[in-house]
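Q: Structure for the following, please:
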Amino acid sequence: MSRIPQSFIDDLLNRLDIVEVIDHRVKLKKAGKNYSACCPFHEEKTPSFTVSPDKQFYYCFGCGANGNAVGFLMEYERQGFVDAVESLARVAGMQVPKETTEKDVKHAKKQRGLYDILGLASTYYQKQLKEHSSRERAVSYLKGRGLSGAIARDFGMGYAPPGWDNLLVKLGTNEEDRHLLVESGLVIRKEGEGKLYDRFRHRIMFPIKDTRGRVIGFGGRVLGDDKPKYLNSPETPVFSKGRELYGLYEARQSNRKLERLLVVEGYMDVIALAQYGMRNAVATLGTACGEDHLKLAFRYVNEVVFCFDGDNAGRTAAKRALVNALPAMEDGRQIRFLFLPEGQDPDTLVRQIGAERFTAQIENGVPLEEFLFDAVAEGIDVNSMEGRARFGKLAAPLLNTLPNGIYRELMFANLAKRTGLSLDLLLELTKEKVSLVAEPAKPDPSQQPQPEPELPAHLGANIGTSISASTPPHIDESYAHIPPLEPDYVARTAQTSAPKSAPVKRSSITLNPVRLCTILLLEYPKLVATLNNIPARAETEDEELTRLFDLIEYIQQRPNCSFNSILGYWGGRYGIEQQQALADLVANQLMGSVRSVENYNPEQELEQSLARIGQKLQKANNQKELAKLQAKGLGNLNNEEKERFRELVRLQHQQT
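A: Okay, here's the model as predicted:
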């Protein structure tokens, strides 16, 4: 698709005043050099939402929401990035240009074709539910489930009649359309023979929509004896079941200020709850609820409630969701688990007890922290010393996947209280490897036609078959001991008046040098021009280091950039979540009071931190080179290689 040039985004942000953009939607009050208000993204009585006119940046100390004018519009008005830029451009009286290449044009045309054919298919299926001669069985089924015509209309429900080529004949009038039908997953091409036939036949059809309301796929519930009972569209260029939530678009249409999402297991659960006025239910599409699902959900709400059967299979599914949820548990977010009576599902239960009592059960759902500790404690005598030790070994690696923040600190403090172990020892336990023998429960094939993914190695039917405690993949192991960033640490480092030769007065906290460099460059991007020894970019799995290299390259290309333009670029290229992650690093510095630190020099601090990074990269390169020489065999080395081998061994000895 065509892209909005970064230069235009920079110019747009420079022309706008974020105070005016936000004040037009949320009334702001002057508070010193900044502005404040009660946060529009969560309920609060005391204002914790702050807007900085200097940095053109907003931050909420209550829920962590942050960003620039584009980010605010995306969050507040639920707009996509392009829509938010276009809205602000209209305010600024600017015309949004687009960068297009031949590849962009072809890609955009293909995408439009897929959306169009899927939309036409949805219209066709809806029409068949009203007019087809075989529709009575489908209508009877829906009436038997208690669904009204209005709710079927709201969710765009339809009917795929019996036969192998109904949709193919209707929409596949030329070769291009037939190709789109195949690529969209609506039609199957038989391998070897090239024959085409409809994927969905004699099924109730549930259109799956993205957050913009476009049909991206379908689910079909069989009416005959075909298998599986439920069938989803395959993965396509516009549909990835691991990143979509059925019913999310409809939930947002019903309530633009959603506060909670209820995650259930099937299409009919979502629709039945909506029939009873509970229009905040969503469902995954034949897969466990993963991290991408939760990232999508938390874009719109701060609370997610998982709804599972109370049997063994339901608890196993809940544990799988628990593991996937932990990395998404940023401060201000809440997850709960609701376990239904055995044999019940949301569809049947809401009909028996009504929406009011069902909602009351949701309110009494088990908080994530309670379910986690209860699940880990299954089969363990936590009253014994041995049991508490085992409990700590199992729980610590799970807590280690939580993102840095107050919630993580409280969870580790809770674990320390439950086990009697010190925080230092618990952090050491995150490096333990514990093996448990447990058979995972098998999923119900009638409910989940697609094969469920294997449980993560560290969570089985009894919270896992093995718990591998390692630092999160984005954190270098050598930095794993470093505590989370103290709220006012960077604020204490904001004075720049001292000359370069002045000694640096260190903070009492040792900060990951990669993170420190990132923070300093965000605050003082012009320092890049003064640097003498920037480490060469290296291929690495460390996401923070990759981000630092990207940041340096961006500043080198735009030496006059500001924090605001960096944030705008990051949101456009990497998405709102990465933009917010970048903003979180410096939020307390931007909004906190700046305290004087004697002789503090950020330029010198940056040089020293980059030097440490360079040394670490060089050490890693030396180790790789040494390993290659060792693998070659000392007897096969020439004189030059032998000399290099001896040099690398000396360096390794000096560094250890």
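Q: Give the closest residue to Cys289 in space, chain neighbours not counted.
A: Ala321 (4.7 Å; C-beta to C-beta, 6 or more residues apart in numbering). Any C-beta I mention is one placed from the backbone N, CA and C, and that applies to glycine too.
Q: so which strand or helix has that neighbour?
A: helix 312-325 (DSSP states H and E).
Q: Packing partners of that helix?
A: Here helix 312-325 touches helix 291-297, strand 303-309, strand 334-340, helix 368-376, going by 3 or more C-beta pairs under 8 Å, 6 or more residues apart in numbering; DSSP states H and E.
Q: that older thread, next, the contact list for the residue nearest to Cys289, please.
A: Applying C-beta atoms under 8 Å, 6 or more residues apart in numbering to Ala321 gives the contacts Val263, Ala288, Cys289, Phe306, Phe308, Phe337.
Q: got a pLDDT number for the one residue sitting closest to the centre of the chain?
A: In the chain, the C-alpha closest to the average C-alpha coordinate belongs to Lys295, at a distance of 3.1 Å (C-alpha atoms, centre = their mean). At Lys295, the model reports a pLDDT of 85.
Q: quick one, what contacts it?
A: Applying C-beta under 8 Å, 6+ apart, the residues near Lys295 are Ala328, Glu577.
Q: how close does it sit to Val96?
A: 27 Å (C-beta to C-beta, to the nearest Å).
Q: Same check on Leu349?
A: For Leu349, the distance to Val96 - C-beta to C-beta - is 49 Å.
Q: Just want to know which of those two has more residues nearby.
A: Leu349 (20 against 16; other C-beta atoms under 10 Å).
Q: Make sure the more buried one is actually in contact with Arg357.
A: No - if you go by C-beta atoms under 8 Å, Leu349 and Arg357 don't touch, sitting 9.1 Å apart.
Q: anything in contact with each of the two?
A: In contact with both Leu349 and Arg357: no residue, using C-beta under 8 Å, 6+ apart.
Q: Please name the nearest non-neighbouring residue to Arg558.
A: In space, Arg558 is closest to Ser565, 7.2 Å off (C-beta to C-beta, 6+ apart).
Q: For the helix or strand hosting that neighbour, list every residue counted as buried.
A: Ser565 belongs to helix 563-574 when elements are defined using DSSP H and E. By 16 or more other C-beta atoms under 10 Å, the buried positions in helix 563-574 come out as Phe563, Asn564, Ser565, Ile566, Leu567, Gly568, Tyr569, Trp570, Gly571, Gly572.
Q: do you know how far the first one is from Glu523?
A: Put plainly, it is Phe563. Taking C-beta to C-beta, one finds Phe563 at 7 Å from Glu523.
Q: go on, the fourth one?
A: When C-beta to C-beta is the yardstick, Ile566 and Glu523 sit 10 Å from each other.
Q: check contacts around the residue nearest to Arg558.
A: Ile9, Asp10, Leu13, Asn14, Arg558.
Q: number of nearby residues for the last one?
A: The reference is to Arg558. Arg558 has 16 nearby residues by other C-beta under 10 Å.
Q: and Gln79, what is it in contact with?
A: Contacts of Gln79 by C-beta under 8 Å, 6+ apart are Leu73, Ser87.
Q: Revised request: answer the last question for Arg351.
A: So Arg351 contacts Gly146, Ala272, Tyr276 (C-beta under 8 Å, 6+ apart).
Q: Need the pLDDT of the last one.
A: Okay, so that is Tyr276. pLDDT at Tyr276 comes out at 93.
Q: Also the first one?
A: Among the per-residue scores, Gly146 shows a pLDDT of 89.
Q: Look at it and say how many residues are nearby.
A: 14.
Q: hang on, it in a strand?
A: No - assigned with DSSP: H, G, I helix; E, B strand; the rest coil, Gly146 falls outside any strand and is coil.
Q: please renumber so the chain begins at 46
A: I'll keep to 46 as the first residue from here, and by that count the last item is Gly191.
Q: from memory it sits against Ile316, does it?
A: No - in this structure Gly191 lies outside contact range of Ile316 using C-beta under 8 Å: 9.9 Å.
Q: pLDDT-wise, which helix or strand of this structure ranks last?
A: strand 511-513 (a mean of 30; mean pLDDT, DSSP states H and E).
Q: how much space is there between Gln406 and Glu423?
A: 23 Å.
Q: Same question for Asp337.
A: 28 Å.
Q: before we move on, what about Ile579?
A: Ile579 is 52 Å from Glu423, by C-beta to C-beta.
Q: If you count surrounding residues, which of these two has more?
A: Set Ile579 next to Glu423 and count neighbours by other C-beta under 10 Å: Ile579 wins out with 16 against 13.
Q: which residues sit in contact with the more buried one?
A: Val573, Ile597, Leu655.
Q: which one among these gets closest to Ala358?
A: Ile597 (49.9 Å; C-beta to C-beta).
Q: I am assuming that closest one contacts Val573, so please confirm or correct that.
A: Yes - assessed by C-beta under 8 Å, Ile597 is found in contact with Val573 at 6.2 Å.
Q: circling back to that earlier point, can you give me how far the helix holding Ser610 is from the chain middle?
A: Relative to the chain's own centre, helix 608-619 is displaced by 18 Å; criterion: C-alpha atoms, centre = their mean, to the nearest Å.
Q: Can I get it in CSV? Just the C-alpha atoms.
A: C-alpha atoms of helix 608-619 as CSV (Å, rounded to 0.1, in the frame of the first residue of the first chain):
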residue,chain,number,x,y,z
PHE,A,608,11.8,13.8,20.2
ASN,A,609,8.4,14.5,18.7
SER,A,610,9.4,13.7,15.2
ILE,A,611,11.2,10.5,16.3
LEU,A,612,8.0,9.4,18.1
GLY,A,613,6.0,10.1,15.0
TYR,A,614,8.4,8.2,12.8
TRP,A,615,8.4,5.2,15.2
GLY,A,616,4.6,5.0,15.2
GLY,A,617,4.4,5.1,11.4
ARG,A,618,7.1,2.5,10.8
TYR,A,619,6.8,0.1,13.7
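Q: Give me the mean pLDDT for it.
A: 76.
Q: With stretch 209-221 instead?
A: Stretch 209-221 comes out at a mean pLDDT of 94.
Q: cool, stretch 109-120 as well?
A: The model assigns stretch 109-120 a mean pLDDT of 88.
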